[in-house]
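any chance you could fold what I've pasted below:
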Amino acid sequence: MSDSAPILQVQDLTVSYGDVMPVKGISFSVRPGERIGLVGESGSGKSLTALSIMRLNDGARLGGSIRLGDRELLALSKREMTRVRGGEIAMVYQDPMSSLNPVRTIGHQLIEAIRLHDRMSKTDAATRAIELLTEVGVPLPEERLAQYPHEFSGGMRQRVMIAMAMSSRPKVLIADEPTTALDVTTQSRIIDLLDKLADEHGTAVILITHDLGVAAGFCERIHVMRHGRIIEEAPVDQLYAHPEHPYTQALLGAVVDLTVDVHKPIRTAVEVLERGTEPLEDANVRSAVDEARENGEVLVEVTDLTKTFTLGSGRRVTAVDDVSFQIRRGETFGLVGQSGSGKSTVSKAVLALGGIDAGSVEFDGHRPHEMRAEPLRQLRRRMQMVFQDPFSALNRRQTVEQIIEAPLRAHGIGTRASRADKVREAMHRVRLDEEFADRLPRSMSGGQCQRVSIARSLVLEPDFMVLDESVSALDVSIQAQVLNLLRELQAELGLTYLFISHDLAVIRYMSSTVAVMQQGRIVETGGRDELFAAPQHDYTRSLMAAIPIADPVAERRRRAEAAKLWQEQGSDTTVTPTAR
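Numbering: from 1, shown residues only. All right, here's what the predicted structure looks like:
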């Protein structure tokens, strides 16, 4: 492969929107079967680069050169580019649900993608669709063709997107943050799948990611981007062992893994760049949370909770099965597990956002599922939720001020002037300048929108907050800012958190007590230090084994050990890591 000619060459690429140039003359190439990485924080220009290669950034002025083999893509007509796009270059996006049509079956969409580039009958295309779903590890592919996207888990939807992308046997596959919102085991299997496709089909893969652990185990060469430029590139082992640029060193220094000191704030890449890796002292915050776990009074008690759902076929599925736990006032209770394990169903049950089939939930002596509408409405002022996707959780037509004020208006609290004061106070608490008050969500970053979501939850002065995957869609630096903010707010306001995540490193950093969920049941519960030092359940060990490591040598070893562990446990091994 090292002697083959590049299949794709990008030379001095610029992307301009009027006077703004977010991509400033980047160059790289990729050979058949090669795996390269474009890494960097949000706003560095990674996704714009990918869209430029696909010629999908309407309104942008492109400069430089993008060559696929001997063809200049920037010189092709729209019609010619349509044949290239999806046929010779394919793309897998971060959010598969946004890319799939919710009112069309998986089979309809996959067959359509196949026939778009290959002239064949619907019957032959259906056969090919089953082959593709089998290849990407989707179980029962014949039955799955008749299902809709909402009936698939996030990981399975991403496998469908990869099957669509590979349906035309492209020469280049661009994977834009394909694992960002997935749990660690699903993430690991998606990366293994991309590895397998590159090896078996000779497909060149460009992985766009901010996760240095994922890049370490998959990529052969890394290009680090910042402010629209490639500031450093090197073979993966060399770059991780001896990063030359200070920003690359800072990115590696800001990684949150199982070794991070839980008693101190996380440094963002910019802070590492400016002040070094020595973290700030924060022992009092963690001590208070740990003390609450030991001695605090019980605020939330869940007993024998069971919740079932009926699918369209009439089959009943038990999403939560006989779950019990306690959360003490002032502590952070971490709930971790794969997608579909029942975590979010538990969170909604705790807040009485839907009924339960058996068991009970008690909040500070009250049973919300047994309360009438108005008393429950008043109780909910003390219980708030922050959701995973800040953009979907905010009204796009309202300003920040209107969004934060909405709960106060809904509960009839205060006058217009007093509500304005409370809005400003909430914005101040989440470190948002007052100039943001008149902004709409579309003009803000993901981290800023998540701060608005937190401010909206805080404005009613709650005792208890549910944080459901509230940082999983954010890049490492923004994630660090939000985690640090949540800990500061907890110390300042005495908040109690139910913190839900599929990221064990984040769970370890935030939580004093951790419960592990699998298929609707809690399989292990314990104090943070005890559980991470000596996990007792096989499932907990498999989750920990799936956490990527920002070190290529260690990450390759981890992937091999994880594959062996999954095989021993009888887990899904339709895709196995490729040794390199």
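
count the neighbours of Leu197 for me.
As a burial measure, Leu197 scores 23 neighbours (other C-beta atoms under 10 Å). Just so you know, the C-beta spots here come from the backbone N, C-alpha and C atoms, and that holds for glycine as well.

cool, His263 as well?
The burial count for His263: 15, using other C-beta under 10 Å.

separation between it and Ser501?
Distance of His263 to Ser501, computed by C-beta to C-beta, to the nearest Å: 19 Å.

so what are the sheet partners of the helix or strand where Ile327 lies and their directions?
The secondary structure element spanning Ile327 is strand 316-328 (assigned by DSSP states H and E). The pairing partners recorded for strand 316-328 under DSSP bridges are strand 298-310 (antiparallel).

buried residues, the partner strand. List them.
Under the neighbour-count criterion of 16 or more other C-beta atoms under 10 Å, strand 298-310 has 299-302, 305-307 buried.

residues contacting Pro462?
Counting by C-beta atoms under 8 Å, 6 or more residues apart in numbering, Pro462 makes contact with 381-384, 495.

tell me the bridge partners for the nearest residue to His245 once chain neighbours are set aside.
Here the nearest residue to His245 in space, its sequence neighbours aside, is Glu232; by C-beta to C-beta, 6 or more residues apart in numbering that works out to 4.2 Å. Beta-bridge partners recorded for Glu232 (DSSP bridges): Val224.

got the contact list for Glu232?
Glu232 makes contact with 223-224, 239, 243-245, 247-248 under the criterion C-beta under 8 Å, 6+ apart.

how about Leu76?
Leu76 sits next to 55, 84 when contact means C-beta under 8 Å, 6+ apart.

how near is it to Ser392?
When distances are taken as C-beta to C-beta, Leu76 and Ser392 turn out to be 35 Å apart.

and the helix or strand in which Arg559 is found, what other elements does it pack with?
Taking DSSP H and E as the criterion, the element that holds Arg559 is helix 552-569. Packed against helix 552-569, as judged by 3 or more C-beta pairs under 8 Å, 6 or more residues apart in numbering; DSSP states H and E, are the following elements: helix 184-201, helix 212-218, helix 236-241, helix 538-545.

adjacent strands (with direction) for the next helix or strand after the longest one?
Right, the one you point to is helix 184-201. Next in sequence after helix 184-201, counting helices and strands by DSSP H and E, comes strand 204-209. Strand 204-209 has its sheet partners listed here by DSSP bridges as strand 35-39 (parallel), strand 172-176 (parallel).

run the chain-centre distance for strand 204-209.
17 Å (C-alpha atoms, centre = their mean, to the nearest Å).

now do it against helix 184-201: the angle between them, please.
When axes from the mean of the first three to the mean of the last three C-alpha atoms, to 10 degrees is applied, the directions of strand 204-209 and helix 184-201 differ by 160 degrees.

residues in contact with the residue nearest to Ile549 when sequence neighbours are not counted?
Spatially, and ignoring its direct neighbours in sequence, Ile549 is nearest to Glu555 (4.6 Å; C-beta to C-beta, 6+ apart). For Glu555, the contacting residues are 213, 216-217, 548-549, by C-beta under 8 Å, 6+ apart.

on that earlier part again, can I get the helix holding Arg559 as CSV, trimmed to CA atoms?
These are the backbone C-alpha positions of helix 552-569, laid out as CSV (Å, rounded to 0.1, in the frame of the first residue of the first chain):
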residue,chain,number,x,y,z
PRO,A,552,-1.5,3.6,19.5
VAL,A,553,0.4,0.7,21.0
ALA,A,554,-1.8,0.4,24.1
GLU,A,555,-5.0,0.8,22.0
ARG,A,556,-4.0,-2.0,19.5
ARG,A,557,-3.4,-4.2,22.5
ARG,A,558,-6.7,-3.2,24.1
ARG,A,559,-8.6,-4.0,20.9
ALA,A,560,-7.1,-7.5,20.7
GLU,A,561,-7.9,-8.2,24.3
ALA,A,562,-11.4,-6.8,24.0
ALA,A,563,-12.1,-9.1,21.0
LYS,A,564,-10.9,-12.1,23.0
LEU,A,565,-13.1,-11.1,26.0
TRP,A,566,-16.2,-10.6,23.8
GLN,A,567,-15.6,-14.1,22.3
GLU,A,568,-15.2,-15.7,25.7
GLN,A,569,-18.4,-14.0,26.9
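
got the angle for it vs helix 538-545?
Direction vectors for helix 552-569 and helix 538-545, defined by the same axes, to 10 degrees, enclose an angle of 160 degrees.

any low-confidence regions in this structure?
Within the chain, the stretches falling below the threshold (pLDDT under 70) are 1-3, 96, 154, 181, 275-286, 311-313, 565-580.

let me see the domain layout of it.
1-88+171-257+547-580, 99-167, 283-395+462-539 (automatic domain parsing).

ok, what's across the strand from the nearest residue to Ile507 once chain neighbours are set aside?
The shortest distance from Ile507 to any residue that is not its chain neighbour, by C-beta to C-beta, 6+ apart, is 4.2 Å, and that residue is Gly334. Taking DSSP bridges, one finds Phe499, Val514 as the beta-bridge partners of Gly334.

who's in contact with Ser188?
546, 548, 559, 562.

now do Pro102
Under the contact definition (C-beta under 8 Å, 6+ apart), the residues listed for Pro102 are 148-150.

now which of those residues would you call buried?
In terms of neighbour count (16+ other C-beta under 10 Å), the buried residues within these are 148-149.

so can I have CSV of the contacts of Pro102 showing secondary structure?
CSV is the format used below for the contacts of Pro102 (DSSP: H, G, I helix; E, B strand; the rest coil):
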residue, secondary structure
Tyr148, coil
Pro149, helix
His150, helix
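
can you add distance to Ile89 and give the contacts of Pro102 back as TSV?
Formatted as TSV, the contacts of Pro102 follow (distance: C-beta to C-beta, whole Å):
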residue	distance to Ile89
Tyr148	28
Pro149	24
His150	29
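
got a quick ChimeraX command for the buried subset of the contacts of Pro462?
With 16+ other C-beta under 10 Å as the criterion, this ChimeraX line picks the buried residues out of the contacts of Pro462:
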select :382,383,384,495
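
closest to Gln9 among the contacts of Pro462?
Closest to Gln9 out of the contacts of Pro462 is Gln384 (51.0 Å), distances taken as C-beta to C-beta.

that closest one looks like it's in a strand, true?
Yes. Inclusion of Gln384 in a strand is indicated when three-state DSSP is applied.

tally of neighbours for the closest residue to it other than its chain neighbours?
When the adjacent residues along the chain are set aside, Gln384 lies closest to Ser457, with 3.8 Å between them (C-beta to C-beta, 6+ apart). With neighbours defined by other C-beta under 10 Å, the count for Ser457 comes to 24.

let's verify Met532: helix, strand, or coil?
No Met there; residue 532 is Phe. The three-state assignment at Phe532 reads helix, by three-state DSSP.

quick one, phi/psi of the residue lying closest to Gln187 once chain neighbours are set aside?
Leaving out its chain neighbours, the residue that sits closest to Gln187 by C-beta to C-beta, 6+ apart is Thr179, at 3.9 Å. Note on Thr179: backbone dihedrals following degrees, to the nearest 10 are phi -120, psi 10.

which residues does Thr179 contact?
For Thr179, the contacting residues are 158, 186-187, 190-191, 209, 211, 214, taking C-beta under 8 Å, 6+ apart as the criterion.

got those as TSV, with distance to Ala60 and neighbour count columns?
Written out in TSV, the entries for the contacts of Thr179 read as follows (distance: C-beta to C-beta, whole Å; neighbours: other C-beta atoms under 10 Å):
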residue	distance to Ala60	neighbour count
Gln158	27	29
Thr186	33	23
Gln187	31	25
Ile190	29	25
Ile191	30	26
Thr209	22	24
Asp211	26	21
Val214	28	25
